[in-house]
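Q: Sequence and predicted structure below; questions after.
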Protein chains: 2
Amino acid sequence: MSLRHAILGILSIQPMSGYDLKKVIDESVGHFWSADQSQVYRTLAGLVEDGLATRRTVVQEERPNLHLHSPTDLGLAELDRWLTSPLKTPPTRDPFLARLFFADRLPPEEIRGLLETRRREVGEQLAALEAIAVPAGSADDLGRVLRLATLSYGISQARAELDWLDDTRRRLERITS
Amino acid sequence: MSLRHAILGILSIQPMSGYDLKKVIDESVGHFWSADQSQVYRTLAGLVEDGLATRRTVVQEERPNLHLHSPTDLGLAELDRWLTSPLKTPPTRDPFLARLFFADRLPPEEIRGLLETRRREVGEQLAALEAIAVPAGSADDLGRVLRLATLSYGISQARAELDWLDDTRRRLERITS
DNA sequence: CACCCATATTGGACACCACATATATGTGCA
DNA sequence: TGCACATATATGTGGTGTCCAATATGGGTG
């Protein structure tokens, strides 16, 4: 369960509501983490229940009330504990590769279609990553450098995949022609 | 739920028991798919229940009975349907990047530690991929080419990540020195 | 006026999966 | 004798997550 920690991390930068959190997750950390809206609220409730965060209700007259969440000292300690705990890498599980593995059941043009669709998707993904703006800051701001690094990770993986797609397409053409 | 389809795919190549299936998954498709043992049996039971596979019991005197599973025509049809159905790419969810994103809470040497640990892991992963033997076959066997492609995917992604790790480490050293 | 969108939170149902544990037995090693 | 390991299947439990839908209201567009 790392959504707890991702949320604690975001709240440690800026206290916010579940609604804001969902938006920040989609926009700022969406390239390496995602969360369902209802899961955000449930996780937030769990954090409060476990004493890792506090909830402050802000009454809004024209809107539903806002629940601003902040990490407690316990929450920040848990965040730091997580940051240095041994990390168990989740097993890769890639439906695209799964299909490609069994794709010899398909006619060659369908296989080409699989690769072309993937090329389009990865291209779009790459464009999206390159469009993400990281707030300006001094070049030696550690936080900024780290956030840029997570972005460039995605970009370099996407580029490598495009190269691989070219290679693979070429190899397939050689044997299906 | 794609485990169903991965299992149907494997069974379409060779009927086998849940026990064998678990081994094949770990050894042959482990670089892009994994499955818990109990999940394999449950999924297999589900496939039989839904008429996508049949179970043939092979009585063994000195061992527990073997349940050999084969896909039915319906199962093969479902496999082919899945192979060409629109593929929804699951959101990436990378705990390592999540940590790196918030790692400015840590002292610089801990951040270096994160990167070094990752470097070792990716290096091991790369070595494991390069060690996987793909059964020999003619160079124009479509299935073989596709299976090699899924392997080379993992290899190219791992290499790109090693390059990125070098870059990132260099950038961090420049600002924390 | 009707409709959709944005704001904001919550709950039910269900899927999938991991972890632990149970059962049964043969082989080989110390 | 005892232990671990391989073969082989199955269940219980709980955690994490998605999908869908309900609720409430203001603002903008057709």
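A: Thanks, I have the structure now.

Q: Please count neighbours and contacts with C-alpha atoms only from this point.
A: Will do.

Q: Does the lowest-mean-pLDDT helix or strand in chain A pack against any helices or strands, and if so which?
A: Sorted by mean pLDDT, DSSP states H and E, the helices and strands of chain A end with strand A:53-58, the least confident at a mean of 92. Where contact means 3 or more Cα pairs under 8 Å, 6 or more residues apart in numbering or on different chains; DSSP states H and E, strand A:53-58 is packed against helix A:37-49, strand A:66-71.

Q: Need the winner for burial among those.
A: Mean neighbour count (mean count of other Cα atoms under 10 Å in any protein chain shown) peaks for strand A:66-71 among the helices and strands packed on strand A:53-58, with a mean of 21.

Q: Tabulate the CA atom coordinates of whichever strand or helix holds residue A:78 in CSV.
A: Assigned by DSSP states H and E, residue A:78 belongs to helix A:73-84. This file holds the C-alpha atoms of helix A:73-84, laid out as CSV (Å, rounded to 0.1, in the frame of the first residue of the first chain):
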residue,chain,number,x,y,z
ASP,A,73,4.2,14.4,13.1
LEU,A,74,3.4,10.7,13.2
GLY,A,75,2.5,10.9,9.5
LEU,A,76,5.7,12.7,8.6
ALA,A,77,7.7,10.1,10.5
GLU,A,78,5.9,7.4,8.6
LEU,A,79,6.7,9.1,5.4
ASP,A,80,10.4,9.3,6.2
ARG,A,81,10.4,5.7,7.4
TRP,A,82,8.9,4.6,4.0
LEU,A,83,11.4,6.6,2.1
THR,A,84,14.3,4.6,3.5
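
Q: Residue A:139 and DNA strand D, how far apart?
A: 33 Å (Cα to the nearest atom of the strand, to the nearest Å).

Q: Would you enumerate the residues in contact with the nearest residue to that residue once chain neighbours are set aside?
A: Closest residue to residue A:139 apart from its sequence neighbours, by Cα to Cα, 6 or more residues apart in numbering or on different chains: residue A:145 at 7.3 Å. Residues in contact with residue A:145, defined by Cα atoms under 8 Å, 6 or more residues apart in numbering or on different chains, are A:139, B:171, B:172.

Q: got any ranges where chain A has weak pLDDT?
A: For chain A, applying pLDDT under 70 flags the ranges A:61-62.

Q: Kindly indicate whether residue A:64 is helix, strand or coil.
A: coil (DSSP: H, G, I helix; E, B strand; the rest coil).

Q: Just to check, residue A:99 is in contact with residue B:81?
A: No. Assessed by Cα atoms under 8 Å, residue A:99 is found out of contact with residue B:81, at 11.1 Å.

Q: Comparing those two, which residue is more hemmed in?
A: Using other Cα atoms under 10 Å in any protein chain shown as the criterion, residue A:99 and residue B:81 rank with residue A:99 on top: 24 against 12.

Q: follow-up on the earlier one: contacts for the least confident helix or strand of chain A?
A: Residues from elsewhere that reach strand A:53-58 (Cα under 8 Å, 6+ apart): A:8, A:44, A:47-48, A:65-72, A:75.

Q: Nearest to residue B:162, out of those: which one, please.
A: Lowest distance from residue B:162 to the contacts of strand A:53-58 (Cα to Cα) belongs to residue A:8, with 28.9 Å.

Q: quick one: the least confident helix or strand of chain A to helix A:37-49, angle?
A: Calculated by axes from the mean of the first three to the mean of the last three Cα atoms, to 10 degrees, strand A:53-58 forms an angle of 110 degrees with helix A:37-49.

Q: So which bits of chain A are right by DNA strand C?
A: By Cα under 7 Å from any atom of the strand, the residues of chain A that approach DNA strand C are A:17-20, A:37-38, A:41, A:45, A:63-68, A:91.

Q: same for DNA strand D: which of these are within range?
A: Filtered for proximity to DNA strand D (Cα under 7 Å from any atom of the strand), these shrink to A:37, A:38, A:63, A:64.
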